[in-house]
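Trainee: give me coordinates for this.
(4 chains)
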Amino acid sequence: MREKPKTLPPTLRDKHRYIAFQIIGERPLKRNDVKRLIWEASLRVLGELGTAEAKPWFIDFDEESQTGIVRCDRNHVERIRFALALITEFNGTRLIVRTLGVSGTIRRLKRKFLSEFGWR
Amino acid sequence: MREKPKTLPPTLRDKHRYIAFQIIGERPLKRNDVKRLIWEASLRVLGELGTAEAKPWFIDFDEESQTGIVRCDRNHVERIRFALALITEFNGTRLIVRTLGVSGTIRRLKRKFLSEFGWR
Amino acid sequence: MKMVEMDVRSEDAYELARKWFDEVVFTMELSLKEEPDIGELKERVRELRGEYGKIALLVITERPSLIKTLRQRIGKVLLYVQGGNLRVVRYAIETGVDAIIGPWLGRRDPGFDHVLARLAAKKGVAVGFPMGPLLRASPYERATMLKFMARVWRLVDKYGVPRFLTSSAGNRWEVRGPRELMSLGIALGMDPAQAKASLSFYPLSLLERLK
Amino acid sequence: MKMVEMDVRSEDAYELARKWFDEVVFTMELSLKEEPDIGELKERVRELRGEYGKIALLVITERPSLIKTLRQRIGKVLLYVQGGNLRVVRYAIETGVDAIIGPWLGRRDPGFDHVLARLAAKKGVAVGFPMGPLLRASPYERATMLKFMARVWRLVDKYGVPRFLTSSAGNRWEVRGPRELMSLGIALGMDPAQAKASLSFYPLSLLERLK
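Mentor: The predicted structure is shown next:
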């Protein structure tokens, strides 16, 4: 494919946080559903500009345990958490998104909050 | 009707700004269309939370000159202006929302930016 | 730090909340048009107390006088009054109920002002900030409700009114965890310590009244 | 303060922009797969200059070498290159075109980095931030584009790259006034003075090159 921009020096990079979450639903959700769910929640609650600022980014979702990881801007963790808390359903399936914990690295997030769900 | 809360003392009141705007459209818009237009733009661009913070409030619209007044929180004028700037149409009618000026009082806003459109 | 859910309103909501909170108060909703049968109500409260331990009565009424009867005749429950009618809310605060839940509910304004805030602080009446109504709202309603909630929070903060964050869940799908309720508080303008206190310190001091 | 619109792309957009700005640059879009007929192009540019005064050529291409030809053979126009292809953008900056419009356009990343930013600053190549593509985008695309634009703005700010805000209007309905373009800049992270300079100081210094 085409070239990509270079990785920025550390001081210029976006500062992220990783959020571990669990979906408690009437039925299990698929990976792609969860991706859409997060985007739709963010666009509804934070809007196009708020979403651009909060920078939610779907990282991973384990369909077995219904747990996953979403990344966002360091300064907007609470806004993303709030957007997720307001989710009530996806395609008619009632559900709750519960956040399990927040960390600055994926590795630490997995160890602290996701290992009990079989993540490694 | 039922009782209303008392007017808050000045230090506790929301600090507002009033924005004068003009609609330049393929067809003239009705007062109620404009009200909806502003809400929809704010909800789309700023989201439910951003809208709660920016507090857009439709004040008035003159169908003759297609000019009007919207109020918002003092600290969110630029966000409301941006939301209005991103409007491209209403019900299939292409249009531009142009802001004419901003003021802390309706009276001054009318005098400075709307008198040329026949407001008094 | 002990986390408390002050208001869930069904069996399955209570079960789920028990997993996420150290203490959960079960709320019985009471829509009153006229004087209730006090004996019957006492019996029902006794049953619920046996089942759930900590009980609240949420009074939804347009008649202020009913609140006084309940305050005097029903013991060992928290008495909540649903916001919406300013006359009722003022009377409830004067009577010294335990909390007003959502002063803005069903209104087109915040349903709270500096006079009520000062009175509530003096009387030790808390304001409950419920998440449930937000879950059920349209985008327009949510934005409006969040705006009113933030305004009420500013008054509560300014006048030192006791306060708590709650799901006010009507069923298990409306229950939210402590961190999620904190994020609501922060969205309203609380700092993280204030949000935490709204799930722990203030609720715990209300629970003291049940002893 | 003189306000400048650096990029409108149709007659009716030009007419409207003239009402709101002190100076307006008319842009001719040039999608190039191969070497253009230079004589014909010169003729066309001459015509447009007669009609609109200040002219820019916006090159949209995957072939870097075409940019050099244009730079050398066509005079008295501003030369813009549309962002999207990093190889083309790098070459355009090295060649010293006048501006790159929207490095992120058509990409899934910002299409700009610190190396390009440093080079652009050294070569005096501006970055144009266009509003038009936002108007045509879906909510998802808008959020993503705004995110990339804010990232590019941080680099432009940090390395002191010349910059401007523009509607890049394809028709009159896409034209926006100076205050509206400023609000875009502020949404990207500019302070009001920086947003104003992106409509005045920086555009005016690019216009100097036309003299």
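
Trainee: look up the closest residue to the residue in chain A that chain B sits nearest to, ignoring the ones flanking it.
Mentor: When distances are taken as C-beta to the nearest C-beta, chain A reaches nearest to chain B at A:Gly47, 3.0 Å away. Using the backbone N, CA and C atoms, a C-beta is placed for each residue, glycine as well. Distances taken as C-beta to C-beta, 6 or more residues apart in numbering or on different chains put B:Gly47 closest to A:Gly47, at 3.0 Å, once the chain neighbours are dropped.

Trainee: got the CA positions of the helix or strand the one you found falls within in CSV?
Mentor: Element membership of B:Gly47, judged by DSSP states H and E, is helix B:31-54. Written as CSV, here are the backbone C-alpha positions of helix B:31-54 (Å, rounded to 0.1, in the frame of the first residue of the first chain):
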residue,chain,number,x,y,z
ARG,B,31,-39.3,30.1,12.3
ASN,B,32,-39.8,26.5,13.5
ASP,B,33,-37.5,25.1,10.9
VAL,B,34,-34.7,27.3,12.2
LYS,B,35,-35.3,26.1,15.7
ARG,B,36,-35.0,22.5,14.7
LEU,B,37,-32.1,23.3,12.5
ILE,B,38,-30.1,24.7,15.4
TRP,B,39,-30.9,21.8,17.7
GLU,B,40,-30.0,19.2,15.2
ALA,B,41,-26.8,20.9,14.3
SER,B,42,-25.8,21.1,17.9
LEU,B,43,-26.7,17.6,18.7
ARG,B,44,-24.8,16.3,15.7
VAL,B,45,-21.6,18.3,16.1
LEU,B,46,-21.5,18.7,19.9
GLY,B,47,-23.5,15.6,21.0
GLU,B,48,-25.9,15.4,23.9
LEU,B,49,-23.3,16.3,26.5
GLY,B,50,-21.7,19.1,24.4
THR,B,51,-25.1,20.5,23.7
ALA,B,52,-25.9,20.4,27.5
GLU,B,53,-22.7,22.4,28.0
ALA,B,54,-23.0,24.9,25.1
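
Trainee: any idea how far A:Glu53 is from the residue of chain A closest to chain B?
Mentor: Distance check for A:Gly47 against A:Glu53: by C-beta to C-beta, to the nearest Å, it reads 9 Å.

Trainee: neighbour count winner among these two?
Mentor: A:Gly47 (29 against 21; other C-beta atoms under 10 Å in any protein chain shown).

Trainee: show me the contacts for C:Ala13.
Mentor: Shown in contact with C:Ala13 (C-beta atoms under 8 Å, 6 or more residues apart in numbering or on different chains): C:167, C:169-172, C:174-175.

Trainee: how about the secondary structure of the spatially closest residue to C:Lys54 that is not a sequence neighbour?
Mentor: Using C-beta to C-beta, 6+ apart and skipping the chain neighbours, the partner closest in space to C:Lys54 is C:Val25 (4.6 Å). Per DSSP: H, G, I helix; E, B strand; the rest coil, the secondary structure class of C:Val25 is strand.

Trainee: near C:Val25, how many other residues are there?
Mentor: Look at C:Val25: counted by other C-beta under 10 Å, it has 26 neighbours.

Trainee: cool, and A:Asn91?
Mentor: The local packing of A:Asn91 (other C-beta under 10 Å) involves 9 other residues.

Trainee: same check, this time on the one 3 residues further on
Mentor: For A:Arg94, the count of nearby residues is 15 (other C-beta under 10 Å).

Trainee: ok, it to chain C distance?
Mentor: As judged by C-beta to the nearest C-beta, to the nearest Å, A:Arg94 and chain C stand 5 Å apart.

Trainee: with A:Thr93 instead?
Mentor: Distance, A:Thr93 to chain C, using C-beta to the nearest C-beta: 10 Å.

Trainee: residue contacts, the residue most central in space within chain A?
Mentor: By C-alpha atoms, centre = their mean, chain A has its centre lying nearest to A:Val70, at 2.0 Å. Counting by C-beta under 8 Å, 6+ apart, A:Val70 touches A:18-19, A:21, A:38, A:56-59, A:80, A:84.

Trainee: out of the residues you listed, who's nearest chain C?
Mentor: Distance to chain C, by C-beta to the nearest C-beta, is smallest for A:Leu84 among the contacts of A:Val70, at 7.6 Å.

Trainee: apart from its neighbours in sequence, what residue is nearest that closest one?
Mentor: Spatially, and ignoring its direct neighbours in sequence, A:Leu84 is nearest to A:Val97 (4.3 Å; C-beta to C-beta, 6+ apart).

Trainee: what mean pLDDT does stretch C:143-155 have?
Mentor: The pLDDT scores in stretch C:143-155 average 98.

Trainee: for burial, what's the neighbour tally of C:Ala120?
Mentor: Neighbour count of C:Ala120, defined by other C-beta under 10 Å: 30.

Trainee: that one reaches C:Gly160, doesn't it?
Mentor: No - using C-beta atoms under 8 Å, C:Ala120 is not in contact with C:Gly160, being 9.4 Å away.

Trainee: chain C: helices as residue ranges?
Mentor: Assignment of helices within chain C using DSSP state H yields the ranges C:11-20, C:38-52, C:64-73, C:86-95, C:114-123, C:132-135, C:139-159, C:178-188, C:192-197, C:201-207.

Trainee: weakest of those helices by average pLDDT?
Mentor: Taking the mean pLDDT of the helices of chain C, helix C:64-73 comes last: a mean of 93.
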